[in-house]
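S.K.: Pasting a predicted model and its sequence here:
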Amino acid sequence: MAGAALGTGILGDALAWPFFEERHRAFAATLSDWADAALPGLPHGDVDAACRARVRALGDAGFLKAVVPAAHGGLTEALDVRTLCLAREILAARDGLADFSFAMQGLGTGSITLAGPEAMKRRILPGIRDGERIAAFALSEKEAGSDVAAMATTAAPDGNSHVRIDGEKTWISNGGIADHYIVFARSGEGPGARGLSAYLV
Ligand SMILES: Cc1cc2nc3c(=O)[nH]c(=O)nc-3n(C[C@H](O)[C@H](O)[C@H](O)COP(=O)(O)OP(=O)(O)OC[C@H]3O[C@@H](n4cnc5c(N)ncnc54)[C@H](O)[C@@H]3O)c2cc1C
């Protein structure tokens, strides 16, 4: 099957399920056709360059609009999880790194989209949508993976209008090549999972 076009066939009859709408079927067909044609030509080898190439190609083709709300040039008014699931299935079946690149653009901006100030959204989201910026999401630590409440990294005002973040993260995808990091840290409003905040670094 190597090199053969997969089309939407990899989704089986899932596209006929009642919670998918015509717009989802159209998105899946367009992305599948593009992925069959474009992904085999992207570079492998150096993983950082390969990742940058995939983010840029997904942005140029307009598919990263799915990770940004319409107010900032995205596909739907609010992020549409069904569209995100379809995109990940379609990309992962062909090219794991393409799926990874797509997913990280959303993971590394989801907290901005959901809770960030308007000025931050205007500054960050268009470049993510166009594949010009790369996002990262820094939550995991040596002793805090599934158990996020065990997070040890701290954040506190430095007395100079900024926040000082102290700690060590691990497993951070896009580490070293990201244009920004959403870093989770203990801000102290409450115990365990209640006292955590996300910071744009
Ligand atoms: C390729 C890769 C990329 C990653 N990228 C990122 C990233 O970009 N940013 C980031 O923040 N993190 C990232 N991670 C980290 C990832 O999110 C963590 O590995 C994950 O949260 C699991 O944490 P852990 O490895 O500490 O495993 P643990 O939390 O120690 O879990 C180990 C095992 O115990 C099970 N387990 C845990 N808790 C319970 C429970 N209460 N009851 C029963 N079973 C339980 C789990 O299911 C698992 O099987 C990445 C990991 C990988 C492998």
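M.R.: Ah, there it is.
S.K.: what does this structure have sitting close to the ligand?
M.R.: For the chain, the residues found near the ligand under the criterion Cβ under 6 Å from any ligand atom are 137, 138, 139, 140, 145, 146, 147, 171, 172, 173. C-betas here are computed from N, CA, C, even on glycine.
S.K.: Which of the residues you listed sits closest to the ligand?
M.R.: Using Cβ to the nearest ligand atom, residue 145 is the member of the residues of the chain next to the ligand that lies nearest the ligand, at 1.9 Å.
S.K.: how near is that closest one to residue 33?
M.R.: Per Cβ to Cβ, to the nearest Å, residue 145 is found 37 Å from residue 33.
S.K.: How about residue 110?
M.R.: Distance of residue 110 to residue 33, given as Cβ to Cβ: 27 Å.
S.K.: These two: which is more packed in?
M.R.: Between residue 110 and residue 33, counting by other Cβ atoms under 10 Å, residue 110 is the more crowded of the two (18 against 13).
S.K.: Quick check on the more buried one: phi, psi?
M.R.: phi -60, psi -40 (degrees, to the nearest 10).
S.K.: what's the closest non-adjacent residue to it?
M.R.: Leaving aside its sequence neighbours, residue 110 sits nearest to residue 79 (Cβ to Cβ, 6 or more residues apart in numbering; 7.2 Å).
S.K.: nearest residue to residue 186 other than its sequence neighbours?
M.R.: In this structure, residue 186 finds its nearest non-sequential neighbour in residue 154, 4.9 Å apart by Cβ to Cβ, 6+ apart.
S.K.: thought the one you found was touching residue 185?
M.R.: Yes - here residue 154 reaches residue 185: they are 5.9 Å apart, a contact under Cβ atoms under 8 Å.
S.K.: helices or strands next to the longest strand along the chain in the packing?
M.R.: Longest strand in the chain by number of residues (criterion: DSSP state E): strand 180-186. With contacts taken as 3 or more Cβ pairs under 8 Å, 6 or more residues apart in numbering; DSSP states H and E, strand 180-186 sits against strand 135-138, strand 154-157, strand 196-200.
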